[in-house]
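In: Based on what follows, work out the 3D shape:
(2 chains, ligands or ions: 2)
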Amino acid sequence: MKTDMQEIKDQAAAQKGEQEDVLIDICGLQKSFGKNAVLRGIDTKICRGEKVAIIGPSGSGKSTFLRCLNLLEEPTEGNIYFEGEDIVHTKHINECRRKMGMVFQHFNLFNNLTVIENIMFAPVKLAKQRLKKQKAHYRWQKFKRFFGAKGEELSAPNDSVAKIEKAAKDRAMQLLARIGLADKASVYPSTLSGGQRQRIAIVRALAMNPKVMLFDEPTSALDPEMVGEVLELIKELADEGMTMVIVTHEMGFAREVATRVLFMADGKIAEQGPPAQIFGAPQNARLRDFLSKVL
Amino acid sequence: MFFETLWELVTSSKYWGTILEGFYTTVIIACGAAVLGLALGIIVAVVKIAAKKNKKLKFFEVICDLYVSIIRGTPVALQLFILAFGILTIRGFPLEITAIIAFGINSGAYVAESLRGGIQSVDAGQDEAARSLGLSGMQSMRYIIVPQAIKSVIPAIGNELIALLKETSIVSMIGITDLTFAAKIIGAGHELANYLVPMLFVALFYLAVVYLLIFFIRMIERHFQQSEQHADERKLEKCRIRMEKRLRAIDERYMKECTNGEN
Ligand SMILES: Nc1ncnc2c1ncn2[C@@H]1O[C@H](COP(=O)(O)OP(=O)(O)OP(=O)(O)O)[C@@H](O)[C@H]1O
Ligand SMILES: [Mg+2]
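Out: Ligands and ions are numbered 1, 2, ... in the order given. As a prediction, the model looks like this:
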C-alpha cells in the first residue's frame, strides 16, 4: 500500500515537472459575501492541457471559485494570473474573459437569439469592434501622413463586416455540425431539450477559441438520459487537449477524464491529486466521508 | 328627460366647444406628462441599474430611491398642489405646464419601477453568459437583457399611461379646465342644469382614448412577440432555399462527372 502511494506521488511529481506551463496561477484567493467567508485562501496553478475536476460538498465554494476565475465574482483578497496577467486588477477584463469559455449549470443560452445567433453573436460583435478600431487607427495614420508625418507602412484593414459575419457563420455551422445540430440553427433555444441546449452552450463558448474552458456542473440540470451526450462532448474536448476546469458531481467522469482532482471543503482545497489517488487512497477524513456518501 | 338633455348637449356648438377644449387640454397634459415621465423613468432606471455595479454612483442611487419612494408614497393631488401653490408660484406661469411637470414627475417614478422590474425579471444568468463571452456590460444590456425585458415592460408602461390619462382629471383643482371640469361647467344651473348627462358624455371620451391606448399597446406587444416567430419562419425558409440550391449544384456536378466518364 505504502509503496503504491509513493509511486502515485512520484508520478504526480514527474507530471508536474514535465508540464510546468502555467496558464492560470491562483494565489491566496479569498472571497466573502458580507460576513460569510466562502473562499478562505486558495492557492493552485492550472497548467496548459490540464483537466482539473473540482469536487466537494454543497456550499463548499466550488461555484464561487470557478466564477472567481473569470471574475464573474470579484475576489475579496488574493490574485489570479492568467497567462501571467493579473486579471483581478486589469482594466481589460473583457479581453481576458474572451480567452476563458464558461459553461453554466442552467445553460444560459440567450433566449432572444436563435441557436446560430447565440453562437455567432459574441465573435461577430467583437470582430466588428476590432475592425472599427483598426479603421479609426488607419484614418488617423492617413491624417497624420497628410501633414507630413512618417510612420510605419500603411495598409487599410482588409476585413469587412460582411466577411466577418460570413466567417463567424461558417464557424458556427461547423460547430453545430460537429454536435449534430446543424438542422436546429435557426430555432430558438426554448424549443430544444436540455442536452441539446447544453451542447450548444458549450460550442458557443468554443466559438471564441478559448484557452481554457470552465464548466460549472454542466450536467446537474439535465435529465439522466441526456447526461451522456454532454459528457461525451466534454470528453472529446478533453481528448483534443483543451485545458479545462470542471466542477462536477459525476465522480465516474472525474475519474476518467481529469488529470487532477481538487477536493474542496469549507472554502479551501482540502486535498488534491491525480484521480487514482483521490478516489483510491483518500487521506483527508472529510474526503473519505464525502466519497462514502457519493460513491 | 335624459334624452332631451342629451339632445340639447350634442346639438349645441357652445357645449361642444367647451368639451373639445377640455379634451384638448387633457390630451396635451397627458401627452406632455407621458413624454416627461418616460424620459425621467428611463434615466432613473438606468442610474439605479448602473449603481448596482458601480459603487461611485451610490449618491445618485440614494437620490433616485428617495424620489421614487416619496412620489409613490404621497397622493398625486398633493404633489400637484405643492408644485402649483408652493413652488411654481410665478405669476403668469402657464398652469398647464405646471400640471405637465407635476404629472411627469409622478409617472416618472412609476415608469422607473416598471423598467427596473422588467430588467430584473430577466434571469441573471443571461447577463453572466454575455459577460463570460467577453461582452461589455453595455452590450449585454443592449442586445441581451433589454430585448428580453421589453415584453414584460410594455404592458406595465401601458397601464401607467392609462392611469396617467385618468389621473389628469384632478387638474381642475388648480384651476385648469380639462375634460372633466368641462362637464362640470356644462352641467351648472345656468347652463344645462344637469350634471349626469355631460359627465356620462365625457366618460365616453375617456373610454375612447383608453381603448385606443389599449389597442396600440396590444399591437406593440404583438409586434415583439411575433417578430421572433416570424424571424424564425423566414430564416427556415431561407435555409431551405439555400439547401435546395446546394443540392442542385451537387446534382449538376454529378451529372457532369457522369457525362465526362462516358467520354
Ligand atoms: N451571490 C451570493 N451572495 C451571497 N452568498 C453567496 C452568493 N453566492 C454564493 N453564496 C454563498 O456561498 C456559499 C458557497 O456557494 P457555492 O455556490 O460556491 O457552493 P458550491 O460548492 O458550488 O455548492 P453546490 O454544490 O450546491 O453548487 C454558499 O453558502 C452560498 O450561500
Ligand atoms: Mg455550485
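In: use CA for all of it now, contacts and neighbours both
Out: Fine.
In: ok, B:Leu66 - contacts?
Out: Contact analysis of B:Leu66 by Cα atoms under 8 Å, 6 or more residues apart in numbering or on different chains lists nothing.
In: Quick check: which element contains it?
Out: In this assignment (DSSP states H and E), B:Leu66 forms part of helix B:58-73.
In: what do you get for A:Asp43?
Out: Short version, using DSSP H and E: A:Asp43 is in strand A:36-47.
In: And the average pLDDT for that strand is what?
Out: In this model, strand A:36-47 has an average pLDDT of 94.
In: Just the residues contacting the helix or strand following that strand, thanks.
Out: As assigned by DSSP H and E, the chain's next helix or strand after strand A:36-47 is strand A:51-55. Here strand A:51-55 makes contact (Cα under 8 Å, 6+ apart) with A:46, A:62, A:238, A:242-249, A:254, A:257-264.
In: and strand A:51-55, C-alpha only, in CSV?
Out: Output of strand A:51-55 as CSV, limited to C-alpha atoms (Å, rounded to 0.1, in the frame of the first residue of the first chain):
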residue,chain,number,x,y,z
LYS,A,51,-8.1,18.8,-16.8
VAL,A,52,-8.9,19.7,-13.3
ALA,A,53,-12.1,18.3,-11.7
ILE,A,54,-13.4,20.1,-8.6
ILE,A,55,-15.5,18.0,-6.2
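In: If we go by neighbour counts, what in that strand is buried?
Out: A:51-55 (16 or more other Cα atoms under 10 Å in any protein chain shown).
In: where does B:Asn54 fall, phi/psi-wise?
Out: Main-chain torsions, B:Asn54, degrees, to the nearest 10: phi -110, psi 110.
In: okay, the buried residues of strand A:51-55 in JSON lines with pLDDT next?
Out: Below are those laid out as JSON lines (pLDDT from 0 to 100):
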{"residue": "A:Lys51", "pLDDT": "95"}
{"residue": "A:Val52", "pLDDT": "96"}
{"residue": "A:Ala53", "pLDDT": "96"}
{"residue": "A:Ile54", "pLDDT": "96"}
{"residue": "A:Ile55", "pLDDT": "95"}
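In: a markdown table for the residues you listed, including distance to ligand 1?
Out: Supplementary listing: the buried residues of strand A:51-55 in a markdown table, determined by distance: Cα to the nearest ligand atom, whole Å:
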| residue | distance to ligand 1 |
| --- | --- |
| A:Lys51 | 18 |
| A:Val52 | 15 |
| A:Ala53 | 13 |
| A:Ile54 | 9 |
| A:Ile55 | 8 |
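In: ok, and does the strand holding A:Asp43 reach over to ligand 1?
Out: Yes. Between strand A:36-47 and ligand 1, judged by Cα under 6 Å from any ligand atom, the touching residues are A:Val38.
In: Tell me where the model's unsure across the stretch 51-200 of chain A.
Out: Residue ranges of the stretch 51-200 of chain A with pLDDT under 70: A:151-153.
In: Within range of chain B, give me the residues from it.
Out: With Cα under 8 Å from any Cα of the partner chain as the criterion, the stretch 51-200 of chain A comes near chain B at residues A:70, A:72, A:93-98, A:100-102, A:104, A:106, A:108-112, A:114, A:122, A:126, A:186-188.
In: if we can go back for a sec, please work out the average pLDDT along the helix holding B:Leu66.
Out: For helix B:58-73, mean pLDDT is 94.
In: what does the very next helix or strand once past it rub up against?
Out: Next in sequence after helix B:58-73, counting helices and strands by DSSP H and E, comes helix B:76-81. Around helix B:76-81, the neighbours that count as contacts under Cα under 8 Å, 6+ apart are B:71, B:98-99, B:102-103, B:106, B:170-171, B:174.
In: Which members of the residues you listed are classed as buried?
Out: Listed as buried from these are B:71, B:98-99, B:102-103, B:106, B:170-171, B:174; burial here means 16+ other Cα under 10 Å.
In: Using CSV, write down the CA coordinates of the helix or strand encompassing A:Ser32.
Out: A:Ser32 belongs to strand A:22-33 when elements are defined using DSSP H and E. Only the C-alpha atoms of strand A:22-33 are listed here, as CSV (Å, rounded to 0.1, in the frame of the first residue of the first chain):
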residue,chain,number,x,y,z
VAL,A,22,1.2,27.5,-16.1
LEU,A,23,-2.0,29.0,-17.6
ILE,A,24,-3.8,30.2,-14.5
ASP,A,25,-2.0,30.9,-11.3
ILE,A,26,-4.2,31.4,-8.2
CYS,A,27,-2.6,33.0,-5.2
GLY,A,28,-4.2,33.3,-1.8
LEU,A,29,-7.7,33.7,-3.3
GLN,A,30,-10.4,34.7,-0.8
LYS,A,31,-14.0,35.6,-1.3
SER,A,32,-16.6,36.5,1.2
PHE,A,33,-20.2,37.6,0.7
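In: the helices in the stretch 151-295 of chain A, which residues?
Out: Remark: helices assigned in the stretch 151-295 of chain A by DSSP state H, counting those that start in this stretch are A:161-178, A:194-206, A:224-239, A:251-257, A:275-280, A:285-294.
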